[in-house]
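In: Predicted model, plus sequence, below.
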Amino acid sequence: MSTPNPQTHPREFLTYLYSTAVQRALPLHTMVAHLPPPPKGRTVVIGAGKAGGSMAQALEALWPADAPLSGLVVTRYHHIPPRPAGLASRIEIVEAAHPVPDAAGLAASQRILELVQGLSADDLVLCLISGGGSSLLTLPAEGLTLAEKQGINKDLLNSGANIGEMNCVRKHLSRIKGGRLGAACAPARVVTLTISDVPGDDPSVIASGPTVADASTCADALAILKRYRIALPPPLHTALEQGALETPKPGDLAFNGHAVHMIATPQESLEAAAAAARDAGLNAYILSDEMEGESREVGKVQAAMARTVARTATASANVAFIKPCVILSGGETTVTVRPVPAEGVRGKGGRAGEFCLGLALGLQGQAGVYALAADTDGIDGMEDNAGAFVEPGTLARAQALGLKVTDSLDRNDAYGYFQPLGDLVITGPTHTNVNDFRALLIL
């Protein structure tokens, strides 16, 4: 496929950059350099995440055909990629719900924990972890029902808490997260292969670090719950206060000999997109792969930056960004869901769409600025789109349809705003996940 011309086909060019970033994070391209040799004993594969299906298939393709391989991986519904012709199925892949856990995830988690019982020091556990694993790998703490866990998860998702805060709570309300799964594998060696979807690429945060020792505490989890006014059943609140739900800590002998390898990161995907932009004759800049904050506010800030660049003469010695250019960023922004409005209609959307609403509001139709924001897993929140486009005519076209960007922000209704415009980015599941991708094209 030839590279679209950014000057004449800006939307197609932004889609090309997004696809380039996604391709860089596919596990078949990145896993082989991190695989250990087969052990003397068994090789058991476990894992969870939105990329779980593609990671399992990549491992099946790369692992020696004459070396035993078996196990179980759980991924999100409809996220198992088509099996390549001739590829033998050696790892079972099951599906469960995301972002709110369900009974299928509970059953898969129980089976995964059972698979690692009774292993020996000659055995190897390969753990395939990617974003989304916190929901998919759900095994509530003693005294906590699945329904209660679902309620807490929904409250966290709507609270505006960042991913580190949410996963700290999830670790301490689980029997499998926060290193507990890794400790259960002892004395077998554990090698965790991870696709990062979190700012900073901390393996103890990705999918709530099921095989990685956890430095956070019950007190930390309680403070987060208090900060966001999230209630717990009284027995669980007491258990956290008493430290009864503490996670395995760094230095625990159960983790001796374990290894963690990042096989794909947000920064690598942004660098791939930047290289593609430079090949097309544009300047390319990466702001950060760790951007956090309220999605709409991040959008407004980037809009102010883009307006300045768009109005600045090319090659000025006094500016940080020289147009024509692409400005890229990643990370994980948040959405604080507003109360249901008086008419009782809750909006639809996710982080990428809400960023685009804030961006469009801030740009105010600025000429020469085009943008795409999308989640690299292909799903923005719980909808069927990955994200949305913004262009100079966005606000005017929306107003012609009776849509006001401020009303849509009040309802957290990015989907309802961009869908009538034909401006949703729809890709379907990409079978990887390195979090948010945002590209501003300034001509």
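Out: In hand now; what should we look at?
In: And what about Val73, helix, strand or coil?
Out: strand (DSSP: H, G, I helix; E, B strand; the rest coil).
In: Which strand residues bridge it?
Out: Gly47, Ile93 (DSSP bridges).
In: How about the contacts made by it?
Out: Applying C-beta atoms under 8 Å, 6 or more residues apart in numbering to Val73 gives the contacts 45-48, 52-53, 55-56, 91-94, 128. Bear in mind the C-beta positions are built from the backbone N, C-alpha and C, glycine included.
In: How much space separates Leu156 from Val337?
Out: If you measure Leu156 against Val337 using C-beta to C-beta, to the nearest Å, the figure is 11 Å.
In: quick revisit: weed out the non-buried ones from the contacts of Val73.
Out: Val45, Ile46, Gly47, Ala48, Gly52, Gly53, Met55, Ala56, Ile91, Ile93, Val94, Leu128 (16 or more other C-beta atoms under 10 Å).
In: contacting residues for the third one?
Out: Just to be clear, that refers to Gly47. Met55, Ala56, Gly71, Val73, Val74, Leu126, Cys127, Leu128, Ile129, Ser130, Gly133.
In: rerun at 7 Å
Out: Met55, Val73, Cys127, Leu128, Ile129 (C-beta atoms under 7 Å, 6 or more residues apart in numbering).
In: One more: the last one?
Out: For Leu128, the contacting residues are Val45, Gly47, Gly52, Met55, Ala56, Leu59, Val73, Leu193, by C-beta under 7 Å, 6+ apart.
In: And the average pLDDT for stretch 61-78 is what?
Out: Model confidence over stretch 61-78, given as mean pLDDT, is 96.
In: Looking at the buried ones among the contacts of Val73, spot the one nearest Gly428.
Out: Comparing the buried ones among the contacts of Val73 against Gly428 with C-beta to C-beta places Gly53 closest, at 13.2 Å.
In: so where does that closest one fall, helix or strand?
Out: Assigning secondary structure by DSSP states H and E places Gly53 in helix 52-62.
In: Tell me which residues are up against that helix.
Out: In contact with helix 52-62 (C-beta under 7 Å, 6+ apart) are residues 26-28, 31-32, 35, 45, 47, 73-75, 79-81, 83, 87-88, 90-91, 93, 126, 128, 130, 193, 431-432.
In: give me the number of residues near Leu113?
Out: Number of residues near Leu113 (other C-beta atoms under 10 Å) recorded here: 19.
In: okay, the contacts of Leu128 in a markdown table with distance to Ala244 next?
Out: Shown next, in a markdown table, are the contacts of Leu128 (distance: C-beta to C-beta, whole Å):
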| residue | distance to Ala244 |
| --- | --- |
| Val45 | 32 |
| Gly47 | 28 |
| Gly52 | 31 |
| Met55 | 34 |
| Ala56 | 35 |
| Leu59 | 37 |
| Val73 | 31 |
| Leu193 | 32 |
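In: Out of those, which is nearest to His9?
Out: The closest of the contacts of Leu128, once distances to His9 are taken by C-beta to C-beta, is Met55, at 33.5 Å.
In: sorry, back to before: filter the contacts of helix 52-62 down to the buried ones.
Out: 26-28, 31, 35, 45, 47, 73-75, 79-81, 90-91, 93, 126, 128, 130, 193, 431-432.
In: pLDDT on whatever helix or strand Thr15 lives in, on average?
Out: In this assignment (DSSP H and E), Thr15 forms part of helix 10-24. The pLDDT scores in helix 10-24 average 98.
In: and the helix or strand just after it, how far from the chain's centre?
Out: Per DSSP H and E, the first helix or strand lying C-terminal to helix 10-24 is helix 27-30. What separates the centre of helix 27-30 from the centre of its chain is 17 Å, taken as C-alpha atoms, centre = their mean, to the nearest Å.
In: ok so, going back, take the contacts of Gly47 and write them to TSV, including distance to Ile263.
Out: TSV is the format used below for these (distance: C-beta to C-beta, whole Å):
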residue	distance to Ile263
Met55	8
Val73	15
Cys127	12
Leu128	9
Ile129	10
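In: Out of those, the closest to Ile426 would be?
Out: Distance to Ile426, by C-beta to C-beta, is smallest for Met55 among the contacts of Gly47, at 23.8 Å.
In: where does the stretch 251-400 of the chain dip in pLDDT?
Out: 313-319, 340-345 (pLDDT under 70).
In: Walk me through the domains of the chain.
Out: Here the domain assignment for the chain is 10-23+266-442, 26-264, based on automatic domain parsing.
In: in stretch 299-313, what's buried?
Out: Going by neighbour count (16+ other C-beta under 10 Å), the buried part of stretch 299-313 is Gly299, Lys300, Gln302, Ala303, Met305, Ala306, Arg307, Val309, Ala310, Thr312.
In: Confirm that the fifth one sits in a helix.
Out: Yes: Met305 sits within a helix when classified using three-state DSSP.
In: Tell me the spatial nearest neighbour of it, not counting adjacent residues.
Out: By the measure of C-beta to C-beta, 6 or more residues apart in numbering, the closest residue to Met305 outside its immediate chain neighbours is Ile327, 7.3 Å from it.
In: close enough to count as contact, the one you found and Tyr285?
Out: Yes: Ile327 is within contact range of Tyr285, at 5.1 Å (criterion: C-beta atoms under 7 Å).
In: who has more neighbours, the two?
Out: Ile327 (25 against 17).
In: is it true that that one lies in a helix?
Out: No: assigned with three-state DSSP, Ile327 falls outside any helix and is strand.
In: Roughly how far does it sit from Ala108?
Out: 40 Å.
In: Could you do Pro235 as well?
Out: For Pro235, the distance to Ala108 equals 26 Å [C-beta to C-beta].
In: And the two? Which one has more around it.
Out: Neighbour count, other C-beta under 10 Å: between Pro235 and Ala108, Ala108 has more, with 25 against 13.
In: Would you confirm that that one contacts Glu95?
Out: No: counting by C-beta under 7 Å, Ala108 sits too far from Glu95 to count as a contact (8.6 Å).
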